[in-house]
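Engineer: Pasting the sequence and the predicted coordinates here, then a few questions.
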Amino acid sequence: MVMIDAALVQKVAGLASLELSEAEATYAVKNLARILDFVAELERLPEPAPSAADEGIGGFSRLERDDLAQPSLEPETAMANAPAREGTAFQVPRIID
Amino acid sequence: MSDLQPFKLTATTISQKVRGGEWSVRDVANFYIERTERYSRDLNTHLFWDPADVLAQAKVQEARVKAKEDLPLAGVPVLIKDNICTRAIPTTCASKMLAGFRPPYDATVIARLRQAGAIIFGKSNCDEFAMGSSNEHSAFGPVLNPWNRAYVPGGSSGGSAAAVAADLVPVALGSDTGGSIRQPASFCGIAGLKPTYGRVSRYGLVAYSSSLDQIGPMARSTEDLALLLDVLSGHDPMDATSRVDPYPSVASSLGGPVALKGLRLGLVREFFGPGLADGTRAALLAAVKLMQEQGALVEEVSLPTLSHSISSYYLIAAAEASANLARFDGIRYGHRTARSGLSLKQLVKASRSEGFGREVKQRIMLGTFALSAGYYDAYYAKAKAGRGLIAADFAKAFGQVDVLVAPNAPSVAFRLGEKSQDPLAMYLGDICTLGVNLAGLPALSVPCGFDPTGLPIGLQLIAPAWEDGLLLRAAHAYEQLCPWTKQAQPPL
């Protein structure tokens, strides 16, 4: 069983591109530990059959569309949610890395 | 229009009367506008509401009625859960992350509703990104249960359920990833259907857990569920998981109690143990007895692997959520922090941390952890193994019986705040609904009584994949035996 502590929670938060306040980190340590403790009951299950759970539920096969050009959104419609724009381009914050 | 009366109308009746020229689309719209204006703020059912837009739609649909177009939902108001994209109408998923977002397109289900003559009657409150079982995780405040405002309406489709229960609309759409249609339907005393995975297009549904999410109808009768299901079902080239085969009409196949004669009902033993509230057990067993009296054959069945459903579900759903919600980075999608002078990585982190609520962050972190190197096999792979076993257990049970009978939750609605600080306690309450999603099956909740405190109880019926019609015929037959369930009115 994995030990959940503040360092692990912060590491996972980093992987998830989240930053946690102290209160949020405390909450996460407590509750992630309880949840992972609970789901540890799965340990006793056998290894899954190869790809058994990957074949789609419902018994239908995955479909692919023909590779044909389709109508797309008008530029003005597509731009409607842009916080900032220049012509038909989305303006994003300057990257200073 | 004196015959437009609260709690007397169904979508089926509205459509018939509008098409027959007895009622105008505008009069029906005005009737429900008045009810929504009067009750929606107190119950906090709506996240977007614009009566002017409703009346504009009514004008368009009225013209189509006059042109004698084929409109199975002529003039029917439909409230839409706020995680389903509606063109030019805000779609927030009850999250600050999407505040102000107006999708540039309609989800396929919305296009189908409009084509069928329906009026999109606003957007309903829900748990943030559909993650929750009480509607307390909305960034815009909880929905109140119309039967008792100190109680939750269930979740995540709580706004849709409460609005239908209060007759602010005759029907609504919800989405069900782990019970989010059935449990709130049960808590609010209405009917709710989670169709077979693949039957209703998910295109335009903001993804939470793509292998589990399913859109479905909520109504005050199974007849209306069937009416909506017929409109919503069908292949969509925009959703690779939608099945190609056509579906015969379910609404036209509904009959009377005769549908119960010889029907093999299986009581899921694991759900009728000591954890089930006495009032819920009594109501469910009374419903089963009624069906037995009409010729249903009843036996107990066991699905022992359902004990793994909470663990399997929360790991799989969280893992998929962590991937699906990665797109909300403040650049491609979603809220962007106002802080300046940040690096790209800092900007993404700050935007996500400001935009997402606590429960969403928790599930993203759980999923990230379950998929991370060193833990994948111990958690995610095992959860998939659990899912396979559960699906196999259901398949075995359907070798014995036609329809399974279960509660939707171990008890009736709980008090606001009772579980909101304890996520594990909240998750444990989902035990009765999760297996259905993991196996991709159709299931519904139909009202079957009240507990001693006056809160509604729902009967869950579960059918084999693609047997949504059988499921609705069985539920409809039961409903004919207790018509009072459709006439129950919450104390508004």
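Structural biologist: Great, that's in hand.
Engineer: Report pLDDT for the residue sitting nearest the centre point of chain A.
Structural biologist: For chain A, the residue nearest the mean C-alpha position is A:Ala16 (7.7 Å; CA atoms, centre = their mean). Looking at A:Ala16, its pLDDT stands at 98.
Engineer: OK, contacts around the nearest residue to it once chain neighbours are set aside?
Structural biologist: Nearest non-adjacent residue to A:Ala16, counting by CB to CB, 6 or more residues apart in numbering or on different chains: B:Thr368, 4.2 Å away. Any C-beta I mention is one placed from the backbone N, CA and C, and that applies to glycine too. Contacts for B:Thr368 (CB atoms under 8 Å, 6 or more residues apart in numbering or on different chains) come out as A:12, A:15-16, B:322.
Engineer: quick one: secondary structure of B:Thr368?
Structural biologist: At B:Thr368 the chain is in helix, as set by DSSP: H, G, I helix; E, B strand; the rest coil.
Engineer: Can you classify B:Leu424 by secondary structure?
Structural biologist: Quick answer, by three-state DSSP: B:Leu424 is helix.
Engineer: Pull up the gap between it and chain A, please.
Structural biologist: In this view, B:Leu424 and chain A are 5 Å apart by CB to the nearest CB, to the nearest Å.
Engineer: I'd say that residue and A:Arg34 touch.
Structural biologist: Yes. If you go by CB atoms under 8 Å, B:Leu424 and A:Arg34 touch, sitting 5.0 Å apart.
Engineer: give me the number of residues near A:Gln70?
Structural biologist: 8 (other CB atoms under 10 Å in any protein chain shown).
Engineer: correction: B:Ala88
Structural biologist: 13.
Engineer: Contact partners for the residue nearest to it when sequence neighbours are not counted?
Structural biologist: Closest residue to B:Ala88 apart from its sequence neighbours, by CB to CB, 6+ apart: B:Arg102 at 5.3 Å. By CB under 8 Å, 6+ apart, the contact set of B:Arg102 is A:80-81, B:87-91.
Engineer: So the residue of chain A positioned farthest from its centre versus chain B, what's the distance?
Structural biologist: Most distant residue from the mean C-alpha position of chain A: A:Gly87, 31.7 Å away (CA atoms, centre = their mean). In this view, A:Gly87 and chain B are 18 Å apart by CB to the nearest CB.
Engineer: where does the chain dip in pLDDT?
Structural biologist: No chain was given, so I picked chain A. Scanning chain A for pLDDT under 70 picks out A:1, A:48-64, A:97.
Engineer: switch to chain B, that's the one I care about
Structural biologist: Scanning chain B for pLDDT under 70 picks out the ranges B:1-2, B:486.
Engineer: ok, which stretches of it are strands?
Structural biologist: Under the criterion DSSP state E, chain B contains strands at B:46-48, B:77-81, B:119-124, B:171-175, B:191-194, B:215-219, B:264-268, B:297-301, B:403-407, B:443-450, B:456-462.
Engineer: Tabulate those strands in TSV, adding columns for mean neighbour count.
Structural biologist: Listed next are those as TSV, based on neighbours: other CB atoms under 10 Å in any protein chain shown:
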stretch	mean neighbour count
strand B:46-48	22
strand B:77-81	29
strand B:119-124	28
strand B:171-175	29
strand B:191-194	32
strand B:215-219	30
strand B:264-268	20
strand B:297-301	15
strand B:403-407	26
strand B:443-450	27
strand B:456-462	28
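Engineer: which residues in chain A form helices?
Structural biologist: For chain A, the helices defined by DSSP state H occupy A:6-15, A:22-39, A:75-79.
Engineer: Kindly reformat the ones you listed as TSV containing mean neighbour count and distance to chain B.
Structural biologist: Listed next are the helices of chain A as TSV, based on neighbours: other CB atoms under 10 Å in any protein chain shown; distance: least, CB to the nearest CB, whole Å:
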stretch	mean neighbour count	distance to chain B
helix A:6-15	17	5
helix A:22-39	17	4
helix A:75-79	13	5
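Engineer: of those, which approaches B:Met218 most closely?
Structural biologist: Set against B:Met218 and scored by CB to CB, these come closest in helix A:22-39, at 29.2 Å.
Engineer: C-alpha coordinates for that closest one, PDB please?
Structural biologist: Below are the C-alpha coordinates for helix A:22-39, written out as PDB (Å, rounded to 0.1, in the frame of the first residue of the first chain):
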ATOM      1  CA  GLU A  22      -2.000  24.600   2.000                       C
ATOM      2  CA  ALA A  23      -5.600  23.800   2.900                       C
ATOM      3  CA  GLU A  24      -6.200  22.000  -0.400                       C
ATOM      4  CA  ALA A  25      -3.000  20.000   0.100                       C
ATOM      5  CA  THR A  26      -4.100  19.000   3.600                       C
ATOM      6  CA  TYR A  27      -7.500  18.000   2.300                       C
ATOM      7  CA  ALA A  28      -5.900  16.000  -0.600                       C
ATOM      8  CA  VAL A  29      -3.500  14.100   1.700                       C
ATOM      9  CA  LYS A  30      -6.300  13.100   4.000                       C
ATOM     10  CA  ASN A  31      -8.800  12.100   1.300                       C
ATOM     11  CA  LEU A  32      -6.600  10.600  -1.300                       C
ATOM     12  CA  ALA A  33      -5.200   8.400   1.400                       C
ATOM     13  CA  ARG A  34      -8.600   7.200   2.400                       C
ATOM     14  CA  ILE A  35      -9.700   6.600  -1.200                       C
ATOM     15  CA  LEU A  36      -6.600   4.700  -2.100                       C
ATOM     16  CA  ASP A  37      -6.900   2.700   1.000                       C
ATOM     17  CA  PHE A  38     -10.400   1.800   0.000                       C
ATOM     18  CA  VAL A  39      -9.500   0.900  -3.600                       C
END
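Engineer: now the strands of chain B as CSV including distance to chain A?
Structural biologist: As requested, those are exported to CSV (distance: least, CB to the nearest CB, whole Å):
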stretch, distance to chain A
strand B:46-48, 15
strand B:77-81, 19
strand B:119-124, 16
strand B:171-175, 17
strand B:191-194, 13
strand B:215-219, 15
strand B:264-268, 19
strand B:297-301, 20
strand B:403-407, 17
strand B:443-450, 14
strand B:456-462, 14
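Engineer: Mind putting those strands into CSV with distance to B:Leu492?
Structural biologist: Shown next, in CSV, are the strands of chain B (distance: least, CB to CB, whole Å):
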stretch, distance to B:Leu492
strand B:46-48, 15
strand B:77-81, 16
strand B:119-124, 17
strand B:171-175, 17
strand B:191-194, 19
strand B:215-219, 18
strand B:264-268, 35
strand B:297-301, 37
strand B:403-407, 27
strand B:443-450, 17
strand B:456-462, 15
